[in-house]
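J.: Dropping a prediction and its sequence here:
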Amino acid sequence: MKAVQLVAHGTPGRFELRDVALAPPGPGEVVVRVRACGLNHLDLWLEAGALPVPISLPRTPGGEVAGDVAAVGPGTEPWRPGDRVAVQSNLFCGACEFCEQGDESLCLRGMLLGVDQDGGLAEQVIVPACALERIPTGVDYKTSAALTLAGSTALHMLTQRAQVRPGDWVLAIGAASGVGSAAIQIARQLGARVISTGSTEPKRALGLQLGAEFVVDSTLPTWTAEVRRLTAKRGVDLVVEHVGGSVLEQVFNCLARGGTVVTCGATAGREPRLNLWPFFVKQQRLVGSSGRTRADLRATLEWAAAGKLRPVIDRVLPLADAPLALAALRQRQVLGKLLLRP
Ligand SMILES: [Zn+2]
C-alpha cells in the first residue's frame, strides 16, 4: 500500500511516497482503510523534528483519521470490516488509573498516532481497536477527519478543562485554525458571547460567519486593548489559547478578574513569562489541556451529526501533495482544515 513517509527532519522535511508492506493486525488491532486524514500542527512539529520525544524515521505522519475497517485481529469485537470509523489520535492503554477513571487524555502509557507510530497519511493504518469510534449516520469521512482531532481538542478544553456559563465572554484565539474555528462554535452552543482573532480579512470574516460577535485583528499591537474595549473594560471570562509564546503572555491583558486561560499548544514558544502579581490578585487560572477522552471524541461526532459543529475545510488534496499541504499550513495560508485523501 502507498504511504507518505518522513525520511529526514527539516523545514521542510524530506518526504517520500512509498509502497510499504502492512503486517496483518495483531491481537486487539484493526486495519483501517483511510478515506481522509486531517493535518495539524503536530505534523509540522514531527516534520521539523521539534517534538520533545525521540522519533524513529521513516515515520508516516497523520493523526486525524477517518475511514472504514478493512481487517480485524483477534479480540476486536464488535468491529467488523466495512464499519465506518474515526480514530482517537491520543492512543491510550485502557488499564492505567487515569484510563480507568475515563480520562484517557492523562493515560500513563499514551502514544500519539502519526508520531509514536505510523499514522494516516497512507492507504491503510493499523490502530488499537479501543481507539475506534463509530462515525454516525449523516457524518461523512471529510467531516470526521476535519473535526476529530482539532474539534475534540476544543471540546475537551471548553467542557472538561474549563466551564462556560451562558452569557460568559469567551476569547477563542485564531478563528481560522482547527481549534479556534471549533471553539467559536462550541462556545456559542454553550451560550457564551464570543470574540475571536484573525491576522487577515478572510480569516476574520470566517470567524464572524462561525458565530463570533467580534473578530479583532491580531496583527495590531493594540488587539488586547480592543478586546477590553469590546467587553466594556471588564475582560473575558475564558480564553481558549493554543499558540503559546507571546500570545499566551498577551491574553492576560484582556482576562477578567476570576477568569481562566486554557491552553493546549505552544507553536509560538514554550516558555512564556507570567507576571504573578496581577495573576494572583485577580485570582485567575491557567489550565493545561491535552488531547481528549473517548467521551469527548464521541461527543464531537454527535455534535457534528446534530449540525451543532461544522467543519471548516480549506482543501482536500491527494497523498502525494502532503509536502505542499504542510508548507501551506506552516505559512499560515489555510482557512480551516487541510485534508489528504488516499
Ligand atoms: Zn492508560
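T.: Sure thing, it's come through. Residues are numbered from 1 along each chain as shown.
J.: Over to L42. Which of the three states is it?
T.: Using DSSP: H, G, I helix; E, B strand; the rest coil, the structure places L42 in helix.
J.: which residues does it contact?
T.: For L42, the contacting residues are L51, G63, L112, G114, V115, by CB atoms under 8 Å, 6 or more residues apart in numbering. Every residue, glycine included, has its C-beta placed from N, CA and C.
J.: what kind of secondary structure is the last one in?
T.: Local secondary structure at V115 is given as coil here, using three-state DSSP.
J.: Excluding chain neighbours, what is closest to it?
T.: Setting aside the residues directly before and after it, V115 is nearest to L46 in space (CB to CB, 6 or more residues apart in numbering), at 5.6 Å.
J.: now swap in L190 and tell me
T.: Sequence neighbours aside, V164 is the residue nearest to L190 in space, at 4.3 Å (criterion: CB to CB, 6+ apart).
J.: these two touch, right, K337 and C37?
T.: No - using CB atoms under 8 Å, K337 makes no contact with C37, being 10.5 Å away.
J.: helix or strand for the residue nearest to V115, which one?
T.: In this structure, L46 is located in helix 41-48 according to DSSP states H and E.
J.: buried residues in that helix?
T.: Within helix 41-48, the residues scored as buried using 16 or more other CB atoms under 10 Å are H41, L42, D43, L44, W45, L46, E47.
J.: got it, and stretch 26-46?
T.: Of the residues in stretch 26-46, those buried (16+ other CB under 10 Å) are 29-46.
J.: How about the residues of this protein by the ion?
T.: Proximity of the chain to the ion is assessed by CB under 5 Å from the ion, with F92, C93, C96, C99, C107 identified as the residues in range.
J.: Scan the residues you listed and report the most crowded one.
T.: F92 (24 neighbours; other CB atoms under 10 Å).
J.: Contacts only, for that residue.
T.: Contact partners of F92, counting by CB under 8 Å, 6+ apart, are C99, E104, C107, R109, G110, C130, A131.
J.: Read off the pLDDT value for it.
T.: pLDDT recorded at F92 is 96.
J.: quick one: the helices in the stretch 101-250 of the chain?
T.: Using DSSP state H, counting those that start in this stretch, the helices assigned to the stretch 101-250 of the chain run over residues 141-147, 150-156, 178-189, 201-210, 223-230, 245-251.
J.: and those as a markdown table, adding mean pLDDT and distance to P342?
T.: Listed next are the helices of the stretch 101-250 of the chain as a markdown table, based on pLDDT from 0 to 100; distance: least, CB to CB, whole Å:
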| stretch | mean pLDDT | distance to P342 |
| --- | --- | --- |
| helix 141-147 | 97 | 11 |
| helix 150-156 | 96 | 20 |
| helix 178-189 | 97 | 20 |
| helix 201-210 | 97 | 28 |
| helix 223-230 | 98 | 40 |
| helix 245-251 | 95 | 35 |
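J.: nearest to Q88, of those helices?
T.: Taking CB to CB as the criterion, helix 150-156 is the member of the helices of the stretch 101-250 of the chain that comes nearest to Q88, at 8.2 Å.
J.: What lies in contact with the closest one?
T.: 38, 40, 64, 105, 177-183, 186, 240, 242, 264, 289, 291-293, 296-297, 299-300, 303-304, 309, 311, 337.
J.: Apply 7 Å and report the result again.
T.: For helix 150-156, contacts defined as CB atoms under 7 Å, 6 or more residues apart in numbering pick out 40, 105, 178-179, 182-183, 186, 240, 264, 289, 291-293, 296-297, 299-300, 309, 337.
J.: Now that helix - C-alpha only, PDB.
T.: Once side chains and other backbone atoms are set aside, the C-alpha atoms of helix 150-156 remain, and they are given as PDB (Å, rounded to 0.1, in the frame of the first residue of the first chain):
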ATOM      1  CA  ALA A 150      -8.800  19.700  16.500                       C
ATOM      2  CA  GLY A 151     -12.600  19.800  17.200                       C
ATOM      3  CA  SER A 152     -12.400  17.300  20.000                       C
ATOM      4  CA  THR A 153      -9.400  19.200  21.400                       C
ATOM      5  CA  ALA A 154     -11.600  22.300  21.600                       C
ATOM      6  CA  LEU A 155     -14.500  20.400  23.100                       C
ATOM      7  CA  HIS A 156     -12.200  18.900  25.800                       C
END
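J.: quick check, nearest of the buried residues of helix 41-48 to V215?
T.: The nearest one, if we look at those relative to V215 and count by CB to CB, is H41, at 20.8 Å.
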